[in-house]
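# got a predicted structure here, sequence first:
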Amino acid sequence: MRLKLGLIFTLAVCTSSLLGCTIASKQTSIEISCDDFAKHPHVNNEIQVAVGSTITVTLCSNPTTGFQWMEAQISDQTVLEETSHEFIPPSEADGPPPPGSAGKDVWTFKALKKGTGTISVEYSRPWEGGEKGERTFRLDVTVK
């Protein structure tokens with residue numbers, strides 16, 4: 001009997017731990033590397049997330065080329081909200097990176113309510129006559 005109770009208790013703890021992880025990990029991460037963009041410069045993705053979820057988008061970026069990711073466009077700001085955007089330079093874990101190494105642009109978005117919205121960003125040289133839309137990223141989001 002004690003063995004059965006012990007197994008039931010262990011199963012209950014494991015189940016509640018898993019449920020807790022599922023509820024707590026309301027985070028979706030998408031990362032597109034420079035190699036991915038070299039193969040496919042125009043990336044379209046779609047995801048489904050729960051209300052209150054966080055979406056992190058990480059895209060290869062190299063401002064030393066004059067290109068930069070333009071401001072993120074959100075089709076419905078009542079459904080999705082940008083909460084942060086930052087550039088992360090190349091890692092110096094193994095010493096200084098070679099000149100011209102790529103870093104990453106990282107955006108964080110929050111799913112505010114049920115509905116659909118699209119996040120889109122464009123990698124361009126911002127000056128007049130500069131190349132526009134060399135790379136694009138589009139994410140269609142369904143919030144449930």
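Cool, the structure landed.
# so which residues of this structure form helices?
Listed in chain order, the helices of the chain (DSSP state H) span 2-24, 34-39.
# for the closest residue to Ser91 other than its chain neighbours, give me the pLDDT.
Nearest residue to Ser91 in three dimensions, chain neighbours excluded: Pro97, at 6.8 Å (CB to CB, 6 or more residues apart in numbering). From N, CA and C alone the C-beta is placed, and that goes for glycine too. Pro97 carries a pLDDT value of 77.
# next up, the contacts around Asn45.
Remark: with contacts taken as CB atoms under 8 Å, 6 or more residues apart in numbering, Asn45 is in contact with 30, 137-140.
# out of those residues, who's nearest Ser120?
Closest approach between the contacts of Asn45 and Ser120, by CB to CB: Arg138, at 4.6 Å.
# correct me, but the closest one touches Ile30?
No: with contact defined as CB atoms under 8 Å, Arg138 does not count as touching Ile30 (11.3 Å).
# what is the neighbour count of Lys113?
For Lys113, the count of nearby residues is 12 (other CB atoms under 10 Å).
# please flag which of the contacts of Asn45 sit within strands.
30, 137-140 (DSSP state E).
# so what sits opposite the spatially most central residue of the chain in the bridge?
The chain has Val57 as the residue nearest its centroid, 1.9 Å off, counting by CA atoms, centre = their mean. Beta-bridge partners of Val57, counted by DSSP bridges, are Ile30, Trp107.
# ok so, going back, how about TSV for the ones in strands among the contacts of Asn45, with pLDDT, distance to Phe67 and neighbour count added?
Below are the ones in strands among the contacts of Asn45 laid out as TSV (pLDDT from 0 to 100; distance: CB to CB, whole Å; neighbours: other CB atoms under 10 Å):
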residue	pLDDT	distance to Phe67	neighbour count
Ile30	97	20	16
Phe137	98	13	23
Arg138	98	18	16
Leu139	98	20	23
Asp140	98	24	15
